[in-house]
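can't give you the sequence, but here's the structure:
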């Protein structure tokens, strides 16, 4: 099978979508399928990437760590046509997602869309964020889903939300799987030694993209509360992103300086070793569709303490492989960490074993099986042109563009007015 994966984010960007696209692409290739990834340029991207096409993009859009493609070059159509895909798989409903629609129509091949993200939680990256923008984001992704031939949802919870929003096309639950073989190596003891974390202390950790939508202020407060009450405990944060400095400040309580370690972005065995160094994994994001770091932590045998939310509830089972908290209460979160720290060695081992069993159910080999089966089903049935869905998606795009232009214009006017006032007052 020949598959084109079209995404607005890809390595070296750190994030769940980038990791998911790369993981599935590599697994498909391992099985003998041919995969072409179309993605934006990113700073520090590898110079030589077989079967990856980079499209010119604006770097660090609106102060974020995202790259944004505003104009699709004409040569991209020629490149994709020469690849002769059987399937075009889009990972976003906008920007390069629009290109995916045009290419699928031009080549008359099925379009698959993975609804990775609850986009209404990410509108703060767009100039002119507003409630209207959030509503438009929901309409855009829903209409785009109906424009596709099939939708992949990362969890049952997301699939249920999409159906309630009016998605009519077939929805397949296809989580991003975890590569269990990656967790065969690594050394938690060795990682602790490198950072100077004592071998016998309780270590609570977090891995992920450090960004506003991840509820990191809550997480940092809960972890700090736990550390202040348990002087022998340490904390480890792995990852990078626009909220790195904010999280560092949130954890800078007196007496915690030597017990909080921010390790930055890690890969390969270093990342596996970081997971294995942890005694508990803390997770507070409410915007996740799956939370891939949860299954990664569990693959390393680490129980999870998390807030309830879409994609999280299906992975974390309360008092089986960790703690699942229904209410966002920092003291309750800290108490859950205390509960795991207070367990006897044998009790903690039971949690670890259950965590590993959960991860096995999310193995990438299983999830890739489901994806390939869905692809094959699409190739055996005739395609239906969805003019009504296409027009609905186009209308939403026009509304989004109008909202963006209106609010951006208001912001520009406010800046200009402020400059005029400063000059009138004689400010330098």
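Nice, I can see it. Note that the structure is predicted; figures quoted are calculated from it, not measured.

sec struct for residue 112, please.
Following DSSP: H, G, I helix; E, B strand; the rest coil, the label given to residue 112 is strand.

Same check on the one 5 residues further on?
Local secondary structure at residue 117 is given as coil here, using three-state DSSP.

ok, now how distant is it from residue 257?
35 Å (C-beta to C-beta, to the nearest Å). In this view, the C-beta of every residue, glycine as well, is placed from N, C-alpha and C.

can you check residue 105 too?
Residue 105 is 57 Å from residue 257, by C-beta to C-beta.

Look at those two and report which has more neighbours.
Using other C-beta atoms under 10 Å, the more surrounded residue of residue 105 and residue 257 is residue 105, with 16 against 9.

Could you check which helix or strand contains that one?
helix 96-107 (DSSP states H and E).

Residues touching that helix, excluding its own?
Helix 96-107 has contacts (C-beta atoms under 8 Å, 6 or more residues apart in numbering) with 4, 6-8, 38-40, 55, 69, 72, 76-77, 80-81, 85, 88-91, 110-111, 113, 144, 147, 390, 393, 397.

Quick one: distance of it to the chain centre.
Centroid displacement of helix 96-107 relative to its chain, using C-alpha atoms, centre = their mean, to the nearest Å, is 23 Å.

now do stretch 279-288
13 Å.

What segments of this structure are strands?
With strands called from DSSP state E, the chain shows them at 2-6, 34-40, 52-55, 87-90, 111-114, 150-153, 171-173, 203-207, 234-238, 260-264, 280-283, 304-307, 322-325.

Next, format the ones you listed as CSV and append mean neighbour count.
Shown next, in CSV, are the strands of the chain (neighbours: other C-beta atoms under 10 Å):
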stretch, mean neighbour count
strand 2-6, 24
strand 34-40, 22
strand 52-55, 18
strand 87-90, 27
strand 111-114, 26
strand 150-153, 25
strand 171-173, 18
strand 203-207, 25
strand 234-238, 24
strand 260-264, 16
strand 280-283, 26
strand 304-307, 26
strand 322-325, 22
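
Quickly, which of those bottoms out on average pLDDT?
In terms of mean pLDDT, the lowest-scoring of the strands of the chain is strand 52-55 (a mean of 92).

helices and strands around that one, which ones?
Contacts defined by 3 or more C-beta pairs under 8 Å, 6 or more residues apart in numbering; DSSP states H and E place strand 52-55 against strand 34-40, helix 74-83.

Let me see the ranges of the helices in the stretch 201-350 of the chain.
216-229, 244-250, 268-277, 292-299, 330-341, 345-361 (DSSP state H, counting those that start in this stretch).

Dig out what residue 262 forms beta bridges with.
With DSSP bridges as the criterion, residue 262 is bridged to residue 237.

rewinding a little: between the helix holding residue 105 and helix 74-83, how many degrees?
Here helix 96-107 points in a direction 50 degrees away from that of helix 74-83 (axes from the mean of the first three to the mean of the last three C-alpha atoms, to 10 degrees).

May I see the buried residues of helix 96-107?
96, 97, 98, 99, 100, 101, 103, 104, 105, 107 (16 or more other C-beta atoms under 10 Å).

Next, the contact list for the residue nearest to residue 220 when sequence neighbours are not counted, please.
Once flanking residues are discounted, residue 220 sits nearest to residue 250: 3.5 Å by C-beta to C-beta, 6 or more residues apart in numbering. By C-beta under 8 Å, 6+ apart, the contact set of residue 250 is 216, 217, 220, 221, 224.

ditto for residue 326
Residue 326 sits in contact with residue 308, where contact means C-beta under 8 Å, 6+ apart.

Run through who's touching stretch 29-41.
Counting by C-beta under 8 Å, 6+ apart, 1-10, 21-22, 25, 28, 51-57, 59, 67-69, 76, 80, 83, 85, 96, 99, 368, 372 sit against stretch 29-41.

remind me which residues of the stretch 301-428 of the chain are low pLDDT?
384-428 (pLDDT under 70).

Same list (the buried residues of helix 96-107) but as TSV, adding pLDDT and distance to residue 16.
Output for these, formatted as TSV (pLDDT from 0 to 100; distance: C-beta to C-beta, whole Å):
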residue	pLDDT	distance to residue 16
96	89	17
97	89	17
98	87	22
99	90	22
100	94	19
101	91	23
103	94	24
104	93	24
105	90	28
107	94	28
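
and of those residues, the nearest to residue 338?
Nearest to residue 338 out of the buried residues of helix 96-107 is residue 97 (C-beta to C-beta; 44.4 Å).

Distance check, that closest one against residue 109.
Taking C-beta to C-beta, one finds residue 97 at 16 Å from residue 109.

same check, this time on residue 212
Taking C-beta to C-beta, one finds residue 212 at 37 Å from residue 109.

ok, those two, which is more surrounded?
Taking other C-beta under 10 Å, residue 212 and residue 109 do not tie; residue 109 has more neighbours (22 against 17).

Tell me who's in contact with the more buried one.
85, 86, 87, 88.

Now tabulate the contacts of residue 250 in CSV and tack on neighbour count.
Putting those into CSV (neighbours: other C-beta under 10 Å) gives the following:
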residue, neighbour count
216, 25
217, 16
220, 26
221, 18
224, 19
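
ok, of those residues, which one's closest to residue 241?
Of these, the one sitting nearest to residue 241 (C-beta to C-beta) turns out to be residue 216, at 9.1 Å.

Pull the contacting residues for the closest one.
So residue 216 contacts 210, 243, 246, 247, 250, 284 (C-beta under 8 Å, 6+ apart).

Between all of those, which two are separated the most?
246 and 284 (14.1 Å).

These two: who's more crowded?
Set side by side, residue 246 and residue 284 show more neighbours around residue 284, with 24 against 16, by other C-beta under 10 Å.

ok, so what distance separates that one from residue 299?
Distance from residue 284 to residue 299, by C-beta to C-beta: 20 Å.

same deal with residue 95?
Applying C-beta to C-beta to residue 95 and residue 299 gives a distance of 32 Å.

ok, the two, which is more surrounded?
A count of neighbours by other C-beta under 10 Å puts residue 299 above the other of residue 95 and residue 299, at 25 against 20.

I'd assumed residue 180 was in contact with that one.
Yes - between residue 299 and residue 180 there is a contact at 5.8 Å, judged by C-beta atoms under 8 Å.

which residues are in contact with both of the two?
residue 359.

so what are the domain limits for this protein?
According to automatic domain parsing, the chain comprises the domains 2-177+366-417, 181-362.
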